[in-house]
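1. I would like the atomic coordinates for the input below:
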Amino acid sequence: MSLLLGVVCVPPAVRATDADVAVAWEYLGRHLANDALGALQKSGAPDSREAALAEAVVRIDLQPVTDAGLRKVEAQLSELARGRDEIAAAAAYLTGRLYQVHFFTPDPVRAAQIYAQLADKSPASFWAQLGLVKLMLLRLYVLPEAGDPAARVAAAGALLPRVTQPELQRDALIVLGRGRLFHGQPVAGVLADLLAADRIGGLTGLRRVELQLQIAELSRREKLWEQARVYFERYLAENEVDGRMATVKAKLAEIAAAQRAEGPSS
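-> Below you'll find the model as predicted:
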């Protein structure tokens, strides 16, 4: 499950048993906020915590979006976050997202505080670990106190052991590896992170393509010919239509020539 930038994702643990609320989640997943609101209203304004969370998420996405409206959502989420169940964890996570990306003037420092507090409160929660992935992004690119490039990478990497759910650990490794690359850190570390993410697996579509090609290209630049060949060939085998296929085939020819030139030890 990829949630590096998304807002709406509701694992089974927080899906309402009310059929209309479940329909609302489906609409939200397709960014159809008005239809989601209609489904909630059809349910007779249920007073469950699940329905309250769904309504808050609808209000985040409902046009026109205003800071005043988002402040009301924040108050609703803050009330839900007082508990210790998955609804509370989801509400806290979404509060962090409000400060990170939704308010007209983002407050990444406050977002980081919320994610850190959530991880301390509910370390095993899906939402807390998703918040840690977002916190890694903030430490890598945004937070002013994170320091120089090496310090930013170290601060983000310190969070990795706390992300234990496989799909989120995979995403965290990709975030960290690409952060290393952005900050000019050694490519060996970049590849170690990306290869570890690939071993976890589960990516589909464009995200799988981009990971395959990034590993392949970085390996080629480092003259890791066999590793580059494997990933370029995986890309060709697993992706039927992509405008980069001709370029990849040309690079495979270059790799084959380099391997022949270097002999069996390459």
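2. same question for stretch 173-184, mean pLDDT?
-> For stretch 173-184, the mean pLDDT works out to 98.
3. For that stretch, list every residue counted as buried.
-> Leu173, Ile174, Val175, Leu176, Gly177, Arg178, Gly179, Arg180, Leu181, His183 (16 or more other CB atoms under 10 Å). The C-beta positions use only the backbone N, C-alpha and C, and glycine is treated the same way.
4. residue contacts, the fourth one?
-> Contacts were defined as CB atoms under 8 Å, 6 or more residues apart in numbering; by that measure Leu176 touches Met136, Leu140, Val153, Ala156, Gly157, Leu160, Asp193.
5. Test my guess that the last one contacts Leu173.
-> So the one you mean is Asp193. Yes - the pair Asp193 and Leu173 passes the contact test of CB atoms under 8 Å, sitting 4.7 Å apart.
6. pLDDT score for Glu50?
-> 88.
7. nope, Leu40 is what I meant
-> 84.
8. between the contacts of Leu176, which is closest to Asp61?
-> Lowest distance from Asp61 to the contacts of Leu176 (CB to CB) belongs to Met136, with 24.9 Å.
9. Show me the domain layout of the chain.
-> 29-157, 203-261 (automatic domain parsing).
10. could those domains go into a markdown table alongside mean neighbour count and distance to Gly189?
-> As requested, the domains of the chain are exported to a markdown table (neighbours: other CB atoms under 10 Å; distance: least, CB to CB, whole Å):
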| stretch | mean neighbour count | distance to Gly189 |
| --- | --- | --- |
| domain 29-157 | 18 | 8 |
| domain 203-261 | 15 | 11 |
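11. who wins for proximity to Leu168 among those?
-> domain 29-157 (4.8 Å).
12. End to end on that closest one, go ahead and measure it.
-> 30 Å (CA to CA, to the nearest Å).
13. how far does stretch 150-163 sit from the chain's center?
-> From the chain centre to the centre of stretch 150-163 is a distance of 15 Å (CA atoms, centre = their mean, to the nearest Å).
14. The helix or strand hosting Arg170: how far from the chain's middle?
-> Following DSSP states H and E, one finds Arg170 within helix 166-182. Distance of helix 166-182 from the chain centroid (CA atoms, centre = their mean) equals 9 Å.
15. okay, it in PDB with CA atoms only?
-> Below are the C-alpha coordinates for helix 166-182, written out as PDB (Å, rounded to 0.1, in the frame of the first residue of the first chain):
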ATOM      1  CA  PRO A 166       6.400  -4.500   5.600                       C
ATOM      2  CA  GLU A 167       4.700  -2.200   3.100                       C
ATOM      3  CA  LEU A 168       5.500   0.900   5.100                       C
ATOM      4  CA  GLN A 169       9.100  -0.300   5.700                       C
ATOM      5  CA  ARG A 170       9.400  -0.700   2.000                       C
ATOM      6  CA  ASP A 171       8.200   2.900   1.400                       C
ATOM      7  CA  ALA A 172      10.500   4.200   4.200                       C
ATOM      8  CA  LEU A 173      13.500   2.500   2.500                       C
ATOM      9  CA  ILE A 174      12.600   4.100  -0.800                       C
ATOM     10  CA  VAL A 175      12.300   7.500   0.900                       C
ATOM     11  CA  LEU A 176      15.600   7.100   2.600                       C
ATOM     12  CA  GLY A 177      17.400   5.800  -0.500                       C
ATOM     13  CA  ARG A 178      16.200   8.600  -2.700                       C
ATOM     14  CA  GLY A 179      17.000  11.100   0.100                       C
ATOM     15  CA  ARG A 180      20.600   9.800   0.100                       C
ATOM     16  CA  LEU A 181      20.700  10.300  -3.600                       C
ATOM     17  CA  PHE A 182      19.300  13.800  -3.400                       C
END
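16. Tell me the helix or strand right after it.
-> Using DSSP H and E, the next helix or strand after helix 166-182 towards the C-terminus is helix 187-200.
17. Helices along the chain, start to end?
-> 19-29, 33-42, 49-61, 67-80, 86-97, 108-121, 126-141, 149-157, 166-182, 187-200, 205-221, 225-238, 245-262 (DSSP state H).
18. ok, now which ones touch Val109?
-> When contacts are counted by CB under 8 Å, 6+ apart, Val109 touches Leu143, Pro144.
19. re the thing from before, got the domains of the chain as CSV, with distance to Ala22 columns?
-> Below are the domains of the chain laid out as CSV (distance: least, CB to CB, whole Å):
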stretch, distance to Ala22
domain 29-157, 9
domain 203-261, 24
